[in-house]
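Trainee: just a sequence and a predicted model for now, questions to come.
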Amino acid sequence: MIRLENVTKRYSSEVVALDDVSFEVPKGEFVFLVGPSGSGKSTLLRLINRQERPEEGSVWVAGRDIVDMPNNRIPQLRRNIGNIFQDYKLLLNKTVFENIAFALEVIGQPQHVISQQVPAVIDLVGLSGKEDRFPHQLSGGEQQRVSIARAFVNRPLILVADEPTGNLDPSTGEGIMRLLDRINGTGTTVVMATHDRRIVDAMRRRVVQLDRGVIVRDQERGVYQ
Amino acid sequence: MIRLENVTKRYSSEVVALDDVSFEVPKGEFVFLVGPSGSGKSTLLRLINRQERPEEGSVWVAGRDIVDMPNNRIPQLRRNIGNIFQDYKLLLNKTVFENIAFALEVIGQPQHVISQQVPAVIDLVGLSGKEDRFPHQLSGGEQQRVSIARAFVNRPLILVADEPTGNLDPSTGEGIMRLLDRINGTGTTVVMATHDRRIVDAMRRRVVQLDRGVIVRDQERGVYQ
Amino acid sequence: MSRLRYMFRETGESIRRNPTLSVASVITAAVSLLIFGLTLIIQHGFDNLLSQWEGGVEMIVYVNSGAGEEQRVVIEDALGQQQGVTIESWSYCDVACSLSDADRLFAGDPVTRSQLTELNIPTQYKVVPLDATQVDILRGLRDRYLELPNVYSVQLAEEQLDLISKLQGFVSTYTTGLWIALMVAASLLIWNTIRTAMFARRREIEVMKLVGATDWFIRLPFMLEGLLQGVTGGAVASVAMWFINGRWTAGVEAFPANSGMTALVVVDGYEWRVGLIVVLFGALIGTIGSGTAASKFLDV
Amino acid sequence: MSRLRYMFRETGESIRRNPTLSVASVITAAVSLLIFGLTLIIQHGFDNLLSQWEGGVEMIVYVNSGAGEEQRVVIEDALGQQQGVTIESWSYCDVACSLSDADRLFAGDPVTRSQLTELNIPTQYKVVPLDATQVDILRGLRDRYLELPNVYSVQLAEEQLDLISKLQGFVSTYTTGLWIALMVAASLLIWNTIRTAMFARRREIEVMKLVGATDWFIRLPFMLEGLLQGVTGGAVASVAMWFINGRWTAGVEAFPANSGMTALVVVDGYEWRVGLIVVLFGALIGTIGSGTAASKFLDV
Ligand SMILES: Nc1ncnc2c1ncn2[C@@H]1O[C@H](COP(=O)(O)OP(=O)(O)OP(=O)(O)O)[C@@H](O)[C@H]1O
Ligand SMILES: Nc1ncnc2c1ncn2[C@@H]1O[C@H](COP(=O)(O)OP(=O)(O)OP(=O)(O)O)[C@@H](O)[C@H]1O
Ligand SMILES: [Mg+2]
Ligand SMILES: [Mg+2]
């Protein structure tokens, strides 16, 4: 599903965020990216949806090399990837329903698709009854559920999550992890960067550890270390 | 140094962030505020520097009731309180030195005070040699040190920290805690909101736990629970 | 359908959010386009005023109305004698031609115009001299031609033309300067409004890009907003221009007939063409301003 | 010292950051102030043109130069006879007074003016009639006074005054409309520039408030920026006005002396006063625009 081959990403001549990184994520897998601050986790995630381009190497997503993909093809690529962030990135002036519907609207989905898929995904993330609330009327955990619903409403092949539990207290974070696990269970590939030792240790999934732009560990059913 | 008396803070008729909270922090103490997301930790901290005003009760800081303090006295109050945030709030277009000097400049300190105090505090937080870097050239932990230096350069009576280690990996977070501990050792009162169980458990200081706007625990030498 | 609704909703919201900048853009665009339109109108008015002197004509010999071909032979002989000596060429402007000249000359004074008919209008010989700067020679000619039978009067261009074309040059230069400066400002403003609008919505745009919206989908509502501002400015300018032109035309009627201003009006439909041009121009700066901004700041 | 340096540095940075909006504000302010200044100048020019007719004067009897008091008795008798019948009052404008009238009337045509001296300038009787609308009576008077000895000529206001004051009214109404519209736009723009600048620096402002900067300390650099924009606009407008006025004055000299335009210039120093007013006005809108914005958006 995702394959990086000898990828090097520099932000400037001194800042080498990723240094000759190769790794592969098969369809349906759940991968944790761990490593100290600045080790390149976010950079790696941004390469997958072409928010960044590497200086060297190639990035394959869903069978396509996306490094030299022309700009007008990128929207299509991104429709296959759901993104989840530490700060949720919800639109504050839109309700829960509107936030999720927005993701379908802007890729030109017709109204009947929206009115069918949005309630389904709201149900999936456990927010039924809170459709008309605004983000500020929700707890952090609930906001993160909205952001997951928005990322997943389009049934993407891949979910990419950058420290999704970073702003949440431990028990709320665990709820989010159960949700991501359920989504992973439907066949969606999940790649998640995290600092949260407890979560990594509890889930026991594949762990890829980065340090200063290099993969220093890649372990099936791993721990945070 | 800080005293809250029967403080109630509502953001709207439904959202009661703090409900009849009373508590006191003597000079030189180190207090952790813990509690689940939305329990009112940040709100409590914002009351102390008059970013918010309570609907009921009174807030005493350094011997003054600040709830009805006229607006033109607030700057003076804030010069006695240093603020540290999860997202550092550094100015991205200024160097380390300039970021710290900025805090003195804007309260009208003359050049000779700036050129004396800034290097001293840079030394204190362990950033000597990195004065001319920009925030994006620093690790998260280093950025947080800059933000602490900025909060402390004016030698405030109180340091208020809202999840200062939230964005940092565990070992970097521990470094920040050692620094705050050192600053506390100079007589500065420190109030810190956090989710980080390891840090609270390791420090063994006073712990005040909030839940839905109410203090449910206040423990000397406490743990995260 | 869904897309269209989305677009108009977003455009509307965006305008609502930042009314001052939008209002200022529209005002500036409107004033700029108004001055632009007025410049065209004034030019046209002056052209009317000068129309009878077109083609290097420097002297007009007015012939008594009702003077037939035989009676004009004397005049044509006199003109013919000078042909090649002081006169380069001359042409006869008959009743129909003179009436059409009068249409333009008295455009602002329909009362006077209505007193001129096929029966009483003087016809004209329009004379192009060899050297227009030799005013003394022309004056000599005038005095000689005034003696001829059936000559109603003789007019020289220098008496009128010089002042008017100087005025025309002066007025157009500076009004053109003004509208160009304002047009630059209006374009910058529309550009800026769109930039500000996009900046205000950078979170939305970020999310849109992340979920795979195409650049055009993101760009269009903003371009629509710019277009709307330009067109609104153009429409306001058109209405103002139409109003001012109407007031001026009404005012000119009240001027003394000999004030030389009666031709300085535009009532021949040209004002509608200018109105259309002004709106199109507004649309153009709106689209260009917003299009550049939307393309440039899509990478927020 | 430290504060001042801080302030200028911040102001400079802020302008650098958002040049398009600043440029658009300055252009709009400049054009607005230019039209404002030109309106004043044109008004003044027209006033010059009309100055000899001030105070209800409707007829001027010009007396041959060199006619002494005894020789003017005949004229004064004739005027006295009509006093209370058709004439309300009359006054004598002696050589000095007539020369100063000529100063204004031929301001744009120094050559003609220089030919008028104490020795050859006609003096004037300025006549205020009981009823200015009774043009026929005035014409009758003119014809009678023209017969009197030592009368050089007689002029009636209606021949000149009417057209000119209509033109003056028309021109000032619409130029005033234009500059007011643009002034509104300019104020909104400066307001907006400052708002945008404050929004762009909301992080700085947040930090400043948190570390205890006073509101005035935060506000001043922004107000300085607005002031600067207004003053720059005013200065540009002043220079442009000075240039246009100069070109016009030079142009008028070349007009025919009988074009009635020779008084339509401003060379008496009034243009400098207007230049100053324009700059002050610019400063005013700059300060008001930025002051309101800075106070309103300090709670970012
Ligand atoms: N936009 C950027 N421009 C320049 N340098 C950048 C940029 N983004 C990241 N970097 C640098 O690239 C390196 C890797 O950063 P990255 O954000 O990928 O790390 P991370 O593992 O996500 O860290 P964290 O745990 O703090 O989120 C760091 O040195 C960082 O300073
Ligand atoms: N500016 C605001 N307007 C309205 N409601 C607010 C605002 N800030 C906070 N709240 C609400 O007040 C309550 C307490 O929020 P607060 O941010 O103090 O909690 P917290 O303990 O800091 O949470 P976290 O751990 O997520 O930072 C929450 O219900 C929150 O939604
Ligand atoms: Mg990261
Ligand atoms: Mg908080």
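Mentor: Noted; the coordinates are in hand. Residues are numbered from 1 along each chain as shown, chains lettered A, B, ... in the order given. Ligands and ions are numbered 1, 2, ... in the order given.

Trainee: and the helices in the stretch 151-300 of chain C?
Mentor: Using DSSP state H, counting those that start in this stretch, the helices of the stretch 151-300 of chain C run over residues C:161-200, C:202-211, C:215-253, C:270-296.

Trainee: can you add mean neighbour count and give those back as JSON lines?
Mentor: C-betas here are computed from N, CA, C, even on glycine. Below are these laid out as JSON lines (neighbours: other C-beta atoms under 10 Å in any protein chain shown):
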{"stretch": "helix C:161-200", "mean neighbour count": "21"}
{"stretch": "helix C:202-211", "mean neighbour count": "19"}
{"stretch": "helix C:215-253", "mean neighbour count": "20"}
{"stretch": "helix C:270-296", "mean neighbour count": "20"}
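
Trainee: now tell me which of those the model trusts least on average.
Mentor: Looking at these, the lowest mean pLDDT belongs to helix C:161-200 (a mean of 83).

Trainee: so is that one next to chain D?
Mentor: Yes - Helix C:161-200 lies within reach of chain D by C-beta under 8 Å from any C-beta of the partner chain, at C:162-163, C:166, C:170, C:174, C:178, C:181-182, C:184-186, C:188-189, C:191-192, C:195-196.

Trainee: tilt between that helix and helix D:161-200?
Mentor: Relative orientation of helix C:161-200 versus helix D:161-200 (axes from the mean of the first three to the mean of the last three C-alpha atoms, to 10 degrees): 20 degrees.

Trainee: show me which residues of chain A are close to chain B?
Mentor: A:15, A:35-38, A:137, A:139-141, A:166-172, A:195, A:197.

Trainee: which members of these are classed as buried?
Mentor: Buried members of these, counted by 16 or more other C-beta atoms under 10 Å in any protein chain shown: A:35-38, A:137, A:140-141, A:166-169, A:172, A:195.

Trainee: out of these, which is nearest to residue D:151?
Mentor: Nearest to residue D:151 among those is residue A:137, at 93.5 Å by C-beta to C-beta.

Trainee: ok, the closest one - contacts?
Mentor: Contacts for residue A:137 (C-beta atoms under 8 Å, 6 or more residues apart in numbering or on different chains) come out as residue B:15.

Trainee: quick check: it vs ligand 2, distance?
Mentor: 7 Å (C-beta to the nearest ligand atom, to the nearest Å).

Trainee: just give the nearest non-adjacent residue to the residue nearest to the spatial centre of chain C, would you?
Mentor: Central residue of chain C (C-alpha atoms, centre = their mean): residue C:40, 1.9 Å from the mean position. Take residue C:40 and drop its neighbours on the chain: the residue closest to it by C-beta to C-beta, 6 or more residues apart in numbering or on different chains is residue C:274, 4.9 Å away.

Trainee: cool, and residue A:172?
Mentor: Nearest residue to residue A:172, sequence neighbours excluded (C-beta to C-beta, 6+ apart): residue A:141, at 3.6 Å.

Trainee: about what we covered before: tell me which of the buried ones among the residues of chain A next to chain B fall in helices.
Mentor: A:140, A:141, A:172 (DSSP state H).

Trainee: name the residue of the stretch 51-200 of chain C that lies nearest to ligand 1.
Mentor: Nearest residue of the stretch 51-200 of chain C to ligand 1 (C-beta to the nearest ligand atom) works out as residue C:199 at 18.7 Å.

Trainee: quick one: mean pLDDT over the helix or strand where residue C:22 lies.
Mentor: If you go by DSSP states H and E, residue C:22 is part of helix C:19-50. Average pLDDT, helix C:19-50: 84.

Trainee: what angle sits between it and helix C:270-296?
Mentor: Between helix C:19-50 and helix C:270-296, the angle comes out at 140 degrees (the same axes, to 10 degrees).

Trainee: quick check: buried residues in the helix or strand following helix C:19-50?
Mentor: Using DSSP H and E, the helix or strand that follows helix C:19-50 towards the C-terminus is strand C:59-63. For strand C:59-63, the neighbour count (16+ other C-beta under 10 Å) marks C:59, C:60, C:61, C:62, C:63 as buried.

Trainee: which one of the ones in helices among the buried ones among the residues of chain A next to chain B is nearest residue B:115?
Mentor: Set against residue B:115, the nearest of those by C-beta to C-beta is residue A:140 (42.4 Å).

Trainee: flag every residue of chain A that's near chain D.
Mentor: Applying the criterion C-beta under 8 Å from any C-beta, no portion of chain A neighbours chain D.

Trainee: and residue A:17, that one's in a strand?
Mentor: Yes - counting by DSSP: H, G, I helix; E, B strand; the rest coil, residue A:17 is part of a strand.

Trainee: from memory it sits against residue A:43, does it?
Mentor: Yes - using C-beta atoms under 8 Å, residue A:17 is in contact with residue A:43, at 4.1 Å.
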